[in-house]
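Undergrad: can you look at this prediction? I've put the sequence above it.
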Amino acid sequence: MICGTETRDNITRALALAAPPHSVDSWIDRRYTCKYHLTDGEFVISVQESSDAASARSFFDTVQGSVAPVQPIEGLANLGLSAYETTDGVVVFLKDNMTLQVDARKLTDKVGPHGVTRTAFSYQVATAILACWTAH
């Protein structure tokens, strides 16, 4: 789904692109990654599938340490899920046994026709993906 038509169309609309962006996907060690090649840089979405919720929490915490410093996403903005973000463009959500990471650190400081921050763009894409996920 992260490399699918719906996500590609969301990115195309959000950035007002003339055509859908080129993407390359991979599946390695239960981690599905989609790299979007944009004019302003590379944009990466990944989902780590863990064997259970506890393993997913451990992975979520490990990622937090690797992208620190982070701030929690709280209130309605976290959609009732564990989530955090960085100021430089990373947004991470934990749902069931899956960890969604959206990384815009390689994009320009402001993206799209409205000049949103990389973090705001990552959050926009992450929440659109989460809206399509169903509970296991």
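TA: Arrived safely. Residues are numbered from 1 along each chain as shown.

Undergrad: what about the most far-flung residue of the chain relative to its centre, which SS state?
TA: In the chain, residue 18 marks the outermost C-alpha relative to the chain mean, sitting 22.3 Å out by Cα atoms, centre = their mean. Judged by DSSP: H, G, I helix; E, B strand; the rest coil, the three-state class of residue 18 is coil.

Undergrad: tell me the contacts of it?
TA: Listed by Cβ atoms under 8 Å, 6 or more residues apart in numbering, the contact set of residue 18 is empty. Where you see a C-beta, it was placed from the backbone N, CA and C, and this is true even at glycine.

Undergrad: look up the pLDDT of it for me, please.
TA: pLDDT, residue 18: 92.

Undergrad: any idea how far the spatially most central residue of the chain lies from residue 52?
TA: The centroid of the chain falls nearest to residue 102 when counting by Cα atoms, centre = their mean (2.0 Å). According to Cβ to Cβ, to the nearest Å, residue 102 and residue 52 sit 23 Å apart.

Undergrad: residue 96 too?
TA: Applying Cβ to Cβ, the value for residue 96 to residue 52 is 9 Å.
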